[in-house]
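> Provided below are the primary sequence and the corresponding predicted coordinates.
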Amino acid sequence: MASSSNSYVNGNRNCHGDNPQVKRAKWVVPSSQMAKNTHNPIRQIVDNMKIEPNPEKKMIALSIGDPTVFGNLEPPREIEEAVIDCIHTRKYNGYAPSIGYETARAAIAKYYTSPEAPLEAKDVIFGSGCSGALDLCISVLANPGQNILVPRPGFSLYKTLAESIGVEIRHYNLLPERCWEIDLENLQSLVDENTAAVVVNNPSNPCGSVFTKEHIQDILRVAERLRLPIVADEIYADMVFSGHSFHFMASLTTEVPILSCGGLAKRYIVPGWRVGWVLIHDRHGAFEAEVRNGLLRLSQRILGPNTLIQAAIPRILEETPQSFYQDTMALVQRNAELFFNGVSKIPGLSPIMPCGAMYMMVGIDIDKFPEFSSDVEFTQRLVSEQSVFCLPASCFQYPNFFRVVLTLPAEMVSEACERIQEFCSQHYMVGSSANGAF
């Protein structure tokens with residue numbers, strides 16, 4: 001009985017046998033290693049910027065990749081009605097299977113299947129937005145100590161997701177002078193025995209590039225030779241300008257296993273609905289033994305995205321008018337052309353015309369602006385003087401560029417160009433040493 005009395009110290013159970021617990025002088029509650037490893041490069045840079053707009057000028061935020069911000073783009077009424085009808089049935093207020101409703105998965109498979117890359121419902125797994133789908137893919141393919149290859153410039157979330165679980169990021173270069181194609185020699189130089197996968201983003205955030213069929217085939221040949229599975233971030237699938245074509249990576253190979261990530265967010269102007277998916281293109285059963293089951297297990301950590309939106313997916317895919325897609329991309333393309341034509345006339349800036357998605361990258365000849373040591377300082381002063389906020393491309397590990405979003409009203413694009421021109425004319429130094437943006 002005496003031993004049992006020693007198992008309590010200050011009213012707390014002693015988990016170390018007869019050794020009394022030492023009462024701490026203060027609360028010490030450490031965070032997990034995963035939390036310590038989690039960093040968002042965009043937030044790290046933007047949160048430390050002194051963003052104080054000029055109070056005399058209305059803010060024009062070209063920095064946020066959310067097509068709903070300005071209110072000029074709206075989802076089609078048909079998809080809103082589909083969701084409302086699902087609410088009224090009262091059938092979808094409970095839990096769905098962790099991988100998603102069978103009817104929704106079947107609808108996605110039917111919509112995206114092709115003779116070259118057939119899909120069935122079993123090949124679709126839902127996640128919370130495309131970000132959630134990417135998290136599933138990176139988590140299922142890579143272990144701590146391994147590495148994955150991601151583009152530079154590229155979506156910063158790849159780094160956030162991978163490093164949080166102890167996976168190393170290796171950046172392969174994109175080539176601005178070649179419309180942001182992948183530098184395949186550079187990519188191959190990064191591969192070793194610990195490389196688990198390569199992430200390919202097409203169409204691209206932040207570049208707005210769209211790879212040609214021939215370039216995708218070149219990428220696939222490298223992946224096939226090196227036996228590298230691909231995570232294809234295709235959230236901007238089919239969001240291309242006239243004169244350009246989008247090709248799903250899986251449609252161009254019979255050899256390379258691919259996990260394709262997509263979602264409703266950007267094409268349907270509903271990022272807040274948080275429905276994304278993984279399409280499993282399982283060449284030669286490469287994913288059969290472990291990856292398929294691994295995705296199922298990982299999906300069970302969080303029980304899938306919003307059930308009401310899932311239930312509406314069959315109607316969303318069937319009833320959205322083709323004109324909605326066309327009108328949306330026509331607006332974005334007009335804005336891209338307007339911004340490109342306006343900014344290309346400004347000394348010290350080098351815009352690169354995009355081919356799709358909803359972004360443009362603009363090079364800064366930083367030596368021509370000696371007041372500023374970086375793209376971060378350049379964009380910070382642009383906000384304070386002209387109330388135009390562009391995202392410094394250091395957020396994408398690509399200094400001396402900035403990214404603009406192209407979903408705003410046309411009159412705001414014109415106003416932004418005029419303000420940027422005024423800013424550059426005040427700070428551009430004609431006699432400074434030249435150093436091209438690329």
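Cool, the structure landed.
> please enumerate the strands of the stretch 301-438 of the chain.
For the stretch 301-438 of the chain, the strands defined by DSSP state E, counting those that start in this stretch cover 349-352, 359-364, 388-389, 391-392, 401-405.
> so what secondary structure elements neighbour the third one?
Contacting strand 388-389 under the criterion 3 or more CB pairs under 8 Å, 6 or more residues apart in numbering; DSSP states H and E are the following elements: strand 60-61, helix 375-386, helix 410-427. Where you see a C-beta, it was placed from the backbone N, CA and C, and this is true even at glycine.
> which neighbours in the sheet does that strand have, and how are they oriented?
Next to strand 388-389 in the sheet, as set by DSSP bridges, lie strand 60-61 (parallel).
> ok, residues contacting the strand it pairs with?
Strand 60-61 has contacts (CB atoms under 8 Å, 6 or more residues apart in numbering) with Val69, Ser387, Val388, Phe389, Leu408, Met412, Glu415, Ala416, Arg419.
> which of those are buried?
Ser387, Val388, Phe389, Leu408, Met412, Glu415, Ala416, Arg419 (16 or more other CB atoms under 10 Å).
> just send those back as a markdown table, with distance to Pro76 too.
As requested, the buried ones among the contacts of strand 60-61 are exported to a markdown table (distance: CB to CB, whole Å):
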| residue | distance to Pro76 |
| --- | --- |
| Ser387 | 32 |
| Val388 | 31 |
| Phe389 | 29 |
| Leu408 | 20 |
| Met412 | 23 |
| Glu415 | 28 |
| Ala416 | 28 |
| Arg419 | 33 |
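> now those residues as JSON lines including distance to Arg334 and pLDDT?
Shown next, in JSON lines, are the buried ones among the contacts of strand 60-61 (distance: CB to CB, whole Å; pLDDT from 0 to 100):
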{"residue": "Ser387", "distance to Arg334": "23", "pLDDT": "94"}
{"residue": "Val388", "distance to Arg334": "19", "pLDDT": "95"}
{"residue": "Phe389", "distance to Arg334": "22", "pLDDT": "92"}
{"residue": "Leu408", "distance to Arg334": "11", "pLDDT": "94"}
{"residue": "Met412", "distance to Arg334": "13", "pLDDT": "94"}
{"residue": "Glu415", "distance to Arg334": "15", "pLDDT": "96"}
{"residue": "Ala416", "distance to Arg334": "14", "pLDDT": "96"}
{"residue": "Arg419", "distance to Arg334": "19", "pLDDT": "97"}
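> Arg152: which of those residues is nearest?
Closest approach to Arg152 among these (CB to CB): Phe389, at 22.8 Å.
> wouldn't that closest one be in contact with Phe378 here?
No - using CB atoms under 8 Å, Phe389 is not in contact with Phe378, being 11.9 Å away.
> hang on, Thr407 packs against Ile64?
No - the criterion here is CB under 8 Å, and Thr407 misses it with Ile64 at 9.4 Å.
> the more surrounded of those two?
In this view Thr407 and Ile64 are compared by other CB atoms under 10 Å, and Thr407 has more residues nearby, 23 against 14.
> grab the nearest non-local neighbour of the residue nearest in space to the middle of the chain.
Nearest residue to the geometric centre of the chain (CA atoms, centre = their mean): Phe155, 4.7 Å. Nearest residue to Phe155 in three dimensions, chain neighbours excluded: Asn205, at 5.1 Å (CB to CB, 6 or more residues apart in numbering).
> burial count for the one you found?
Using other CB under 10 Å, Asn205 has 24 other residues around it.
> and the strand or helix carrying Gln217, what's buried?
Under the criterion of DSSP states H and E, Gln217 resides in helix 213-226. Buried residues in helix 213-226, counted by 16+ other CB under 10 Å: His215, Ile216, Ile219, Leu220, Val222, Ala223.
> quick check: mean pLDDT across it?
Mean pLDDT, helix 213-226: 98.
> can you check stretch 170-179 too?
Mean predicted lDDT for stretch 170-179 stands at 97.
> how about it, which residues are buried there?
In stretch 170-179, counting by 16+ other CB under 10 Å, buried: Arg170, His171, Tyr172, Asn173, Leu174, Pro176, Cys179.
> now for those residues: which two are most distant?
Among the buried residues of stretch 170-179, Arg170 and Cys179 lie farthest apart (CB to CB), at 22.8 Å.
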